[in-house]
Each structure stands twice: as structure tokens, then as C-alpha cells.
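Okay, structure incoming, though there's no sequence with it:
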């Protein structure tokens, strides 16, 4: 599958992804098995310690996983995700998430997701596995 197909699939997914839009996620780069996303952390995304709630970082990483898996044009829901939070994130921080495909099989795909802040410091990493259904996105 070539890059234009990957872009088409991801753009279609994004059109219907109310949650990613609500988070303020922007698509920066798309290619087969790869995505780069960006978002700015808002005050209402912080917890009682005035740092970004872990669910926000998980959600950004999970969106990156979904979009990267979606570049191949098949509905591919997550099977497992494991995330590590490495550094605190504050309101106003700009986060960039990249998802890179490690394995693409007939039924599963495995991806590494890295989230960095505006200083290029890695703040979280996730490994995600998806189930590749036989159903197309379009």
C-alpha cells in the first residue's frame, strides 16, 4: 500500500474520531505503519497534583496506535496496551506522539508509541497490539 492510501485511511478515521478532536490532536505525519500526532495539554487535563492525568497520555498514545494500525486500511482494535509514564507533563506542554510498527501479521500488529514534550524529552512510552479484522475502513 502506498502513502496516499495510508493518508486517505487515517483522514477518514480522523473525520469520525470525536475524542481525538476533543483532545485537540493534530495529525502531523502519516506513512504505512507510522503516525506522528501533536497536542497541547490544557489545564482541565491536569490532576490534583497539577500534572497531566495519566489517562490523557494514554489516550494520546492509544489514538496514535489506532491511526498507525489504520494506515493499512483494516479495522484494527487494540488487544493490549502497556504504558510507562517517565516524566511529569504540565498544562501548556506540547506533546508529540509517534507510533511505529514493529510487526504486521495476518491477524495482529505490534507498535511502539513514544510521547515527547516540546523539549524532545520522552515523557511516556507504550507498546500496543492490535487485532487486524477482515473489515476495511472504507
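Perfect, thanks for sending it. Quick caveat: nothing in here was measured; it's all calculated off a predicted structure.

immediately after the helix or strand hosting residue 64, which helix or strand?
Assessed by DSSP states H and E, residue 64 sits inside helix 54-70. Using DSSP H and E, the helix or strand that follows helix 54-70 in sequence is strand 78-85.

contact partners of that following strand?
Strand 78-85 has contacts (C-beta atoms under 8 Å, 6 or more residues apart in numbering) with 54, 57-58, 61-62, 65-66, 108, 123-131. C-betas here are computed from N, CA, C, even on glycine.

quick revisit: now do the helix holding residue 64: which elements does it pack against?
Judged by 3 or more C-beta pairs under 8 Å, 6 or more residues apart in numbering; DSSP states H and E, the packing partners of helix 54-70 are helix 3-15, helix 18-23, strand 34-40, strand 78-85, strand 94-104, strand 108-116, strand 122-131.

Next one: the nearest residue to residue 58 once chain neighbours are set aside from residue 127, what distance?
With C-beta to C-beta, 6 or more residues apart in numbering as the criterion, residue 58 has its nearest non-adjacent residue at 5.5 Å, and that residue is residue 83. Applying C-beta to C-beta, to the nearest Å, the value for residue 83 to residue 127 is 8 Å.

Wait, residue 60 touches residue 26, no?
No. Residue 60 sits out of contact with residue 26 when judged by C-beta atoms under 8 Å, with a separation of 11.2 Å.

returning to that earlier point: quick one: mean pLDDT over the helix holding residue 64.
Summarised as a single mean, pLDDT over helix 54-70 is 98.

and that helix with strand 34-40, angle?
Helix 54-70 and strand 34-40 meet at an angle of 150 degrees, taking axes from the mean of the first three to the mean of the last three C-alpha atoms, to 10 degrees as the criterion.
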